[in-house]
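# Got a predicted structure here, sequence first:
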Amino acid sequence: MSAHPTTVTPETTAGTTVPVPTVPGVEGGRALNPNVPDGPPQSAWERRRLAYRLVNPANRRKLKVIVVGTGLAGSGAAAALGELGYQVEAFTYHDAPRRAHSVAAQGGINAARGRKVDNDSIDRFVVDTVKGGDFRGREADAYRLGEESVRVIDHMNAIGAPFAREYGGMLATRSFGGVQVSRTYYTRGQTGQQLQVAGAQALLRQVDAGTVTLRTRHEMLDLIVTDGQVQGVVMRNLLTGQITAHTAHAVVLATGGYGNVFYFSTLAKNSNASAAWRAVQRGALMASPSFIQFHPTALPVSSRWQSKTILMSESLRNDGRIWVPAKAGDERTPDQIPEDERDYYLERRYPTFGNLTPRDVASRNATEQIEAGHGVGPLRNSVYLDFRDAIARVGKQAIAERYGNLFEMYTHATGEDPYTTPMRIAPGAHFTMGGLWSDYDQMTSLPGLFVGGEAGWGYHGANRLGANSLLSAAVDGWFTLPYSVPSYLAGRLGSTPLEADAPAVQEALARTRARVDRLLGVGGTRSATSFHRELGDILYAGCGVHRTAASLTTAIDKIRALRAAFWTDLRVPGTGRRLNQELERAGRVADYLELAELMCLDALDREESCGAHFRGEHQIDGEAARDDERWSFVSAWEVPGDGRFVRHHEPLTFDAVPLQTRSYR
Amino acid sequence: MRLVLEVWRQEDPAAEGRYETYEVADATPEMSVVELLDRLNEQLVESGGDPVAFESDCREGVCGSCGVTVDERPHGAQANTPSCHQRLARYTDGQRVRIAPLRSAVFPVIRDLVVDRSSLDRVIAAGGHVAIDAGTAPAADLVALDHAAAELALDFAACIGCGACVAACPNGAGHLFVGAKLSHLALLPTGKHERTRRARAMVAEMETDFGPCSSFGACVEVCPAGIPLTAIAAVNKERLRAVWRGGRST
């Protein structure tokens, strides 16, 4: 099947006709209202803030908000709402709010401050973000992201993130993939850690002030929905196993991404999709579930018992040259392969961007080389990232100053010395652009349920630019939800949160207890981890860096079979009335087994390639062939749980950034 | 390689603990200590046993979740390295590895290798923050901060909150952790305005839980973030400064 030309005019897009689903089990749904303010997107946020309802300071303490997750988005939302005077109850499954996985982001946080004379601006930030996302995100949201990025840097700097400074005392910036200006603020290679710790401290400040009640080691297992509104959550105390209901006037989910569904991913071991998936089961919509970013500089899987793929910073691609042996199946060690028998495939195919192509392009090309037999290493599952020429050019000392800690981490993990032997890297599942669908106010399709950070969708379309994830989490938590949630709360003034004996509360508690009992009662022989590992293999093969109708169909069949095996052969030792990490894992894997099917259906349904969603059937000269005439919309899935999957759609329009084909050649 | 594991098992905080001996036959040199526990647990689950409870999350040395005592040393034999990066290359076939929880009176055992480190966050909540609300911050470029001060603040801010410093200390002191935070925030232009108030509050909270510091220095040998020993001196410096400042808050 050949793809449609990708450059169309905005007039054509306005008339998008949504294709009728052809995948068995998939039904067409309705057009969703994104609730974006009318008029130019550049000033939409200003108009919306003016339109938001306010709550009198004296009334704020009568209104309660639950925030689930204490990462960069969750800690920000909880702290900011607490500062405003609302009653906040914040939950994390960690023992401390600081441990949320935002802590592991390395490179930096983008901000369109445009202070330099390199010609950056909010408009340019939006162009980069929208284009980087291959026109599958919401343009108005990208404007808000750019506009609030300025205050994010000021705020995070003020509350304790020691951003890198130039000798003159001003903030330092660096460049990142996919942009040509320098707008990335950083604190060495630990930007996420510094922002996360600053956010956690701000949250603890509100705990000390009494506005926030923080409950650590609590995992969300269900959502309480009644009268068409989300009114609370069900939590399991991970230490005692006690299952409790918590009710409020609104709920914010800031529970992170679902990249761990692939088992081998760059995410923390406990990161999971359960809170978001439970919201889907209660009626929320899941947007673009198949849009997953594979990070091109992860370390390859080297042994069966490896627990994850360690991430190496994208910055390495500034000096490292990526290559594979030109001859497939070449068994020689890298030093034995002469220059003219090496294929520097990124430099060859993309002379303009070379080794610094965006992540989706770099990952796809690496996968093609590996699959064509050019992979290197004992398992032939990686490509070389070679610093030989950089060391010859600037010296070992200069390279050590730039990347010393990363080289050390690499040596720790592999036993190899990257100063003398090229690094081996491979694409690893990383960031999920998809997530709970929400409107411009970050409210999901369930009134009263808001979403922030990677758990949501919106800004990044089909591919996220480096250093935009910390930004989106911080903007959501600190400078969007504190405006939009109160506007919703204003309408709830005078109402009280549901009582413990309300039928909806009791139903949710009963449902949660039944689910825990079911997991404990399977009585099989296999660990949850063994199923998880198998699911990861299925997804990498079927719904990975590139997908085809055949690979996705096979994956769906295998996932369904694996799910059946899970529910007959799972073994969860112990009881539910104590710390039981196997039980926690089993619950998360059970949810992955459902989410994975939806991811594959979404990828199978979307008959185009865009960003990280690369369908083998839709390419031109090996590049993603987007089909704006038919697919210029976001798929937002309803999963009623009866075997049907309903694809609702939000049409996308681009007023400020003209549709264009991405080219990095 | 085959490793013999002696692992601390304890049912709950009140129960008496003991070492249990297990064997992992297929350990590899590039595995980390926590991956060794993963492997043991999978074996235990599939052979009808009860897996070992332990904490670990990012496995990139930055979240601070992991923290076990390996062969009597917090995190393991390699200095300044978190448990998730302690590789098994130093062990040989048939060797014994003893894994226990982080040991300290301020970190009660919850189950097996999981301990309660909430005392660390109680100190942060008492004063380890900056009282600037969302939206009220000055423009970051209007308040210059010299390069060296920013770098030094970052040296102290690198703490991952794992608690190994406390476990390594014969007195169970929290000085490295608390001093790192006091130093970090005192160096920042926006953090210095409540420096005195912060020192009083954090030190008072610290003294309710943690032991005294005798400058033994075991903490800096295990700290995965390389927090400098000067952090422990900062506790006394900030405390004395607070005394001299009398009723003032800055």
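Yep, it's here.

# Could you use CA atoms for every contact and neighbour count after this?
OK.

# Check which helix or strand the closest residue to residue A:261 other than its chain neighbours maps to.
Using C-alpha to C-alpha, 6 or more residues apart in numbering or on different chains and skipping the chain neighbours, the partner closest in space to residue A:261 is residue A:592 (5.6 Å). According to DSSP states H and E, residue A:592 maps onto helix A:581-605.

# Run the chain-centre distance for that helix.
Remark: helix A:581-605 is offset 15 Å from the chain centroid, using C-alpha atoms, centre = their mean, to the nearest Å.

# Same check on stretch A:182-189?
The answer for stretch A:182-189 is 20 Å, by C-alpha atoms, centre = their mean.

# Chain neighbours aside, what residue packs nearest to the closest residue to chain A within chain B?
Residue of chain B nearest chain A, by C-alpha to the nearest C-alpha: residue B:58 (3.9 Å). Counting by C-alpha to C-alpha, 6+ apart, residue A:268 is the residue found nearest to residue B:58 once chain neighbours are left out, at 3.9 Å.

# count of neighbours near that neighbour?
25 (other C-alpha atoms under 10 Å in any protein chain shown).

# can you give me the helices in the stretch 1-150 of chain A?
Secondary structure of the stretch 1-150 of chain A, counting by DSSP state H, counting those that start in this stretch: helices at A:10-14, A:44-51, A:57-60, A:72-84, A:122-132, A:139-158.

# ok, now chain B?
B:33-46, B:118-127, B:147-157, B:164-168, B:175-186, B:195-209, B:218-222, B:230-244 (DSSP state H).

# mind putting these in a markdown table, mean neighbour count included?
A markdown table is the format used below for the helices of chain B (neighbours: other C-alpha atoms under 10 Å in any protein chain shown):
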| stretch | mean neighbour count |
| --- | --- |
| helix B:33-46 | 20 |
| helix B:118-127 | 21 |
| helix B:147-157 | 20 |
| helix B:164-168 | 28 |
| helix B:175-186 | 28 |
| helix B:195-209 | 20 |
| helix B:218-222 | 23 |
| helix B:230-244 | 18 |
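
# Next, format the ones you listed as a markdown table and append mean pLDDT and distance to residue B:98.
Below are those laid out as a markdown table (pLDDT from 0 to 100; distance: least, C-alpha to C-alpha, whole Å):
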| stretch | mean pLDDT | distance to residue B:98 |
| --- | --- | --- |
| helix B:33-46 | 96 | 11 |
| helix B:118-127 | 98 | 25 |
| helix B:147-157 | 95 | 31 |
| helix B:164-168 | 98 | 16 |
| helix B:175-186 | 98 | 26 |
| helix B:195-209 | 97 | 28 |
| helix B:218-222 | 98 | 17 |
| helix B:230-244 | 94 | 30 |
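
# Distance to residue A:574 added to the ones you listed, as CSV?
Output for the helices of chain B, formatted as CSV (distance: least, C-alpha to C-alpha, whole Å):
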stretch, distance to residue A:574
helix B:33-46, 10
helix B:118-127, 26
helix B:147-157, 40
helix B:164-168, 29
helix B:175-186, 36
helix B:195-209, 33
helix B:218-222, 34
helix B:230-244, 43
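
# circling back: list the residues that contact the residue nearest to residue B:58.
Contact analysis of residue A:268 by C-alpha atoms under 8 Å, 6 or more residues apart in numbering or on different chains lists A:101, A:260, B:57-59.

# which stretch among the helices of the stretch 1-150 of chain A comes nearest chain B?
Of these, nearest to chain B by C-alpha to the nearest C-alpha is helix A:139-158, at 4.7 Å.

# Tell me the buried residues in that closest one?
A:139-158 (16 or more other C-alpha atoms under 10 Å in any protein chain shown).

# which residue sits closest to residue A:298, ignoring its sequence neighbours?
residue A:311 is the one closest to residue A:298 (C-alpha to C-alpha, 6+ apart), at 4.4 Å.

# how close does the one you found sit to residue A:536?
17 Å (C-alpha to C-alpha, to the nearest Å).

# if you count what's nearby, which of the two comes out ahead?
residue A:311 (28 against 22).

# Can you verify my assumption that that one contacts residue A:294?
No. Distance between residue A:311 and residue A:294: 10.7 Å, which falls outside the contact criterion (C-alpha atoms under 8 Å).

# per-domain residue ranges of chain A.
A:1-18+A:71-101+A:216-290+A:434-459+A:473-665, A:295-430 (automatic domain parsing).

# Ok, which of those comes nearest residue B:151?
domain A:295-430 (14.7 Å; C-alpha to C-alpha).

# buried set for stretch A:520-530?
Buried, per 16+ other C-alpha under 10 Å, within stretch A:520-530: A:520-521, A:524-529.

# Pull the most distant pair out of those residues.
That would be A:521 and A:529, which, of these, are the farthest apart (C-alpha to C-alpha) at 17.1 Å.

# do you know how far residue B:151 is from residue B:219?
22 Å.

# Revised request: answer the last question for residue A:323.
44 Å.

# Chain neighbours aside, what residue packs nearest to residue B:145?
residue A:169 (4.6 Å).

# Just confirm that neighbour contacts residue B:146, I think it does.
Yes. With contacts counted by C-alpha under 8 Å, residue A:169 reaches residue B:146, the gap being 4.3 Å.

# what are the phi and psi values for the residue of chain A found nearest chain B?
At 3.9 Å from chain B, residue A:268 is the closest residue in chain A, using C-alpha to the nearest C-alpha. When read as degrees, to the nearest 10, the backbone of residue A:268 gives phi -70, psi 150.

# which ones are touching the residue of chain B most remote from its centre?
Distance from the C-alpha centroid of chain B, by C-alpha atoms, centre = their mean, peaks at residue B:142 (34.7 Å). By C-alpha under 8 Å, 6+ apart, the contact set of residue B:142 is empty.

# give me phi/psi at it?
phi -80, psi -20.

# Check the gap between it and residue A:157 for me.
From residue B:142 over to residue A:157 (counting by C-alpha to C-alpha), the distance is 12 Å.

# From the structure, what's the count of residues near the closest residue to residue B:71 other than its chain neighbours?
With C-alpha to C-alpha, 6+ apart as the criterion, residue B:71 has its nearest non-adjacent residue at 4.9 Å, and that residue is residue B:98. Neighbour count of residue B:98, defined by other C-alpha under 10 Å: 18.

# Find me the pLDDT at residue B:98, would you?
Predicted confidence (pLDDT) for residue B:98: 98.

# and if you look at residue A:257?
98.

# Show the contacting residues for the closest residue to residue A:423 other than its chain neighbours.
Nearest in space to residue A:423, with sequence neighbours left out and distances taken as C-alpha to C-alpha, 6+ apart, is residue A:385 at 5.0 Å. Each residue near residue A:385 by C-alpha under 8 Å, 6+ apart is listed here: A:317, A:320-323, A:422-425.

# change it to 10 Å
Counting by C-alpha atoms under 10 Å, 6 or more residues apart in numbering or on different chains, residue A:385 touches A:297, A:316-317, A:319-324, A:344, A:355, A:418, A:421-426.

# With residue A:52 instead?
Contacts of residue A:52 by C-alpha under 10 Å, 6+ apart are A:441, A:483-488, A:490.

# Could I get the residues you listed in a markdown table, plus columns for pLDDT, neighbour count and secondary structure?
Below are those laid out as a markdown table (pLDDT from 0 to 100; neighbours: other C-alpha atoms under 10 Å in any protein chain shown; DSSP: H, G, I helix; E, B strand; the rest coil):
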| residue | pLDDT | neighbour count | secondary structure |
| --- | --- | --- | --- |
| A:441 | 98 | 24 | coil |
| A:483 | 98 | 20 | helix |
| A:484 | 98 | 20 | helix |
| A:485 | 98 | 26 | helix |
| A:486 | 98 | 22 | helix |
| A:487 | 98 | 18 | helix |
| A:488 | 98 | 20 | helix |
| A:490 | 98 | 18 | helix |
